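In: got a predicted structure here, sequence first:
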Amino acid sequence: MNQVSAEKPWLKHVPKGNPLEVDIPEISVNQLLARSVEKYPDHTAVSFYNHTLSYAQLYGAVNRVASALVQKGIEKGDRVALMLPNCPQYPISYYAVLACGGIVVQINPMYKAQELLHVLRDSGAKLLIAYEPLLPTVEEIKDKTDLTEVITVSFSQGKGTFQTLLEDRGYQIPTVAINPREDVAVLQYTGGTTGRSKGAMLTHYNLVANAMQCIGTAEIQIEYGRERTLTVAPLFHVYGMTSGMNLTFAVGGNMILLPRFDVEEVLETIEKWRPTGFPGVPTMYIGLLQHPRFKEVDMTCFKTCSSGSAPLPIEVLNKVKAETGAPIAEGYGLSEASPVTHRNPVRGLQKPGSIGIPLPNTDAKIVDMATGQEELPPGEVGELIIKGPQVMKGYWNMLEETAHTLRNGWLYTGDLAKMDEDGFFYIVGRKKELILAGGYNVYPVEVEDVIYSHPAVLEAAVIGVPDAYRGETVKAVVVLREGATLETEELIAYCRERLANYKVPRLVEFRSELPKSAVGKILKRKLKEEQSNLSSPANDPAQKGDA
Ligand SMILES: Nc1ncnc2c1ncn2[C@@H]1O[C@H](COP(=O)(O)OP(=O)(O)OP(=O)(O)O)[C@@H](O)[C@H]1O
């Protein structure tokens, strides 16, 4: 075994002979792709329904689009925004922008005009490549931005103006020198689950590093040139971008793209394409598990499935494992870290409910949440901070926010976590979502895990709602399984048997669905906003004189 340092107990899980660190080449994101193009030109890089692109075809298209972008005046450092669903034009545009030395601005296609305006203005994007049906939203705000052109992608007859970029005009792309450590490749706008979106500057080095770190800790034997990744996680989100796309291309694999999460379609795709990997999010697994056909579909093709982006309830992890036999790994990360920083299982050891240990080349600590300074001993809850090559350069145009989030080379994640004696980390909630009920700290994940273990429950979110006496009170918003019944009192009694009194939800609301982000994350911010709207004077009958 390696020598185990007291501060890094996770090192004991890394047997001697295994690298504690992985080599990170000083190359651009495009060079990572180019390596696979050279080795596997005829292998399929992208599948989208019946369309496929080999590595050679993908690279050819990237070069043609890049040369067209240069003709349109795109220079090193220029921002080009992509507002597209998952489709082959996504990777083509993404790598083409990078080939010109440009910076990809990732935009959620579900954005409404105001959100889009914020990102376009903040990034100062010169050009936008957008899915044609989204044009009305773009038109609403275009005049208030620096956009000089909007290029459209369409799947219907005319195919949009993007099609003309694919024509071979014989232009040459000038060779743009990239400094991987300095040059920003992507502005990854944080999802805004808890607040206004900020552009995390991810350099070429950050992105190459995270791909290499994930490859270096894969629990499976990677077969270069042969892996197939079912990529339904949106590519505009950091999780889809890295785990679905960059990682797949780095190992010469086939990215099987789907534009949205539709359980039927996912099951059909598994049967038809036999993917070997699936980067999913907890709500996708929940959706799959409850589908009647789920048990019938042969899942033996999967070498690994992963879950990230949000806490994976222990109940869901156990069910996926029990009902499919498919191993499921939980990853943790955030936009600001390209995204992955932790992984569970590690070397075959999996602790349910844990996000695992830090990836190679990554350091992590739990520090006092108020001061951000003192390191806390195992078992104590504090803020999780991270250091590693995948950590962003800073936020675009936001010096103050950057100074707050990046301190002495450490990324302050805003997540509350603890580490056990073995060096395994556990997320217990977000700092912003911590519930302070009657002077006690309540960590939502702990309560959610109990609620999820009830057989009638499909989905749950625990939030704090304002309470005149207790400051905040614990509220559970719950979706029941089809046909299941459960009374508020029953659920409260179930929680009371398993949780200390102050953690037990005082309020329970049953709903038919929960608000979710495009990647499928439950939007607690929306739920909280609804609560404060309910208790705001405008909605208070007493204030309106209706009482
Ligand atoms: N395995 C996991 N377990 C628990 N939480 C997770 C896990 N993976 C990711 N998360 C949560 O997701 C967050 C990162 O998400 P992301 O970078 O997409 O930002 P967001 O939530 O969409 O937006 P914002 O940060 O603006 O609220 C982490 O900080 C953490 O709270």
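Out: Received the coordinates, thanks. Residues are numbered from 1 along each chain as shown.
In: neighbours of His43, just the number please.
Out: 17 (other CB atoms under 10 Å). From N, CA and C alone the C-beta is placed, and that goes for glycine too.
In: helices of the stretch 351-500 of the chain, residue ranges please.
Out: Using DSSP state H, counting those that start in this stretch, the helices of the stretch 351-500 of the chain run over residues 399-405, 444-452, 488-498.
In: next secondary structure after the last one?
Out: Going back to what we said before, that points to helix 488-498. Once the chain leaves helix 488-498, the next helix or strand it forms, by DSSP states H and E, is strand 507-511.
In: that next one - what's its average pLDDT?
Out: Per-residue pLDDT over strand 507-511 has a mean of 97.
In: do stretch 323-341 as well
Out: 90.
In: ends of that stretch, what's the gap?
Out: 28 Å (CA to CA, to the nearest Å).
In: before we move on, back to that, what's the most buried one of the helices of the stretch 351-500 of the chain?
Out: Highest mean neighbour count among these (mean count of other CB atoms under 10 Å): helix 444-452, with a mean of 22.
In: mind putting the helices of the stretch 351-500 of the chain into JSON lines with mean pLDDT and distance to the ligand?
Out: Output for these, formatted as JSON lines (pLDDT from 0 to 100; distance: least, CB to the nearest ligand atom, whole Å):
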{"stretch": "helix 399-405", "mean pLDDT": "95", "distance to the ligand": "10"}
{"stretch": "helix 444-452", "mean pLDDT": "93", "distance to the ligand": "7"}
{"stretch": "helix 488-498", "mean pLDDT": "96", "distance to the ligand": "20"}
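In: buried ones in stretch 165-172?
Out: Going by neighbour count (16 or more other CB atoms under 10 Å), the buried part of stretch 165-172 is Leu165.
In: can I get it in CSV, CA atoms only?
Out: Provided in CSV are the C-alpha atoms of stretch 165-172 (Å, rounded to 0.1, in the frame of the first residue of the first chain):
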residue,chain,number,x,y,z
LEU,A,165,-20.9,26.0,-43.6
LEU,A,166,-20.4,22.3,-44.3
GLU,A,167,-19.7,22.9,-48.0
ASP,A,168,-16.1,22.5,-49.0
ARG,A,169,-14.9,25.9,-50.2
GLY,A,170,-11.2,25.0,-50.1
TYR,A,171,-10.5,27.5,-47.3
GLN,A,172,-7.6,26.7,-45.0
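In: can you pull out the helices in the stretch 101-250 of the chain?
Out: Under DSSP H, counting those that start in this stretch, the stretch 101-250 of the chain gives helices at 113-123, 135-141, 162-165, 204-216, 238-239, 247-250.
In: out of those helices, deepest packed?
Out: It is helix 238-239: most buried of the helices of the stretch 101-250 of the chain by mean count of other CB under 10 Å, with a mean of 29.
In: what lies in contact with it?
Out: 106, 188, 200, 202, 233, 279, 281, 308-309, 333-335, 338-339, 519 (CB atoms under 8 Å, 6 or more residues apart in numbering).
In: beta partners for the residue of the stretch 351-500 of the chain found nearest the ligand?
Out: Residue nearest to the ligand within the stretch 351-500 of the chain: Ile427 (4.0 Å; CB to the nearest ligand atom). Counting by DSSP bridges, Ile427 is bridged to Ala417.
In: what residues are up against it?
Out: Counted by CB under 8 Å, 6+ apart, Ile427 has contacts 311, 332, 355, 384, 415-417, 445.
In: what does Ala81 give?
Out: With contact taken as CB under 8 Å, 6+ apart, Ala81 is in contact with 104-107, 119-120, 123, 125, 127-130.
In: same thing but at 7 Å, please
Out: If you count contacts by CB atoms under 7 Å, 6 or more residues apart in numbering, Ala81 has them with 105, 107, 120, 123, 125, 128.
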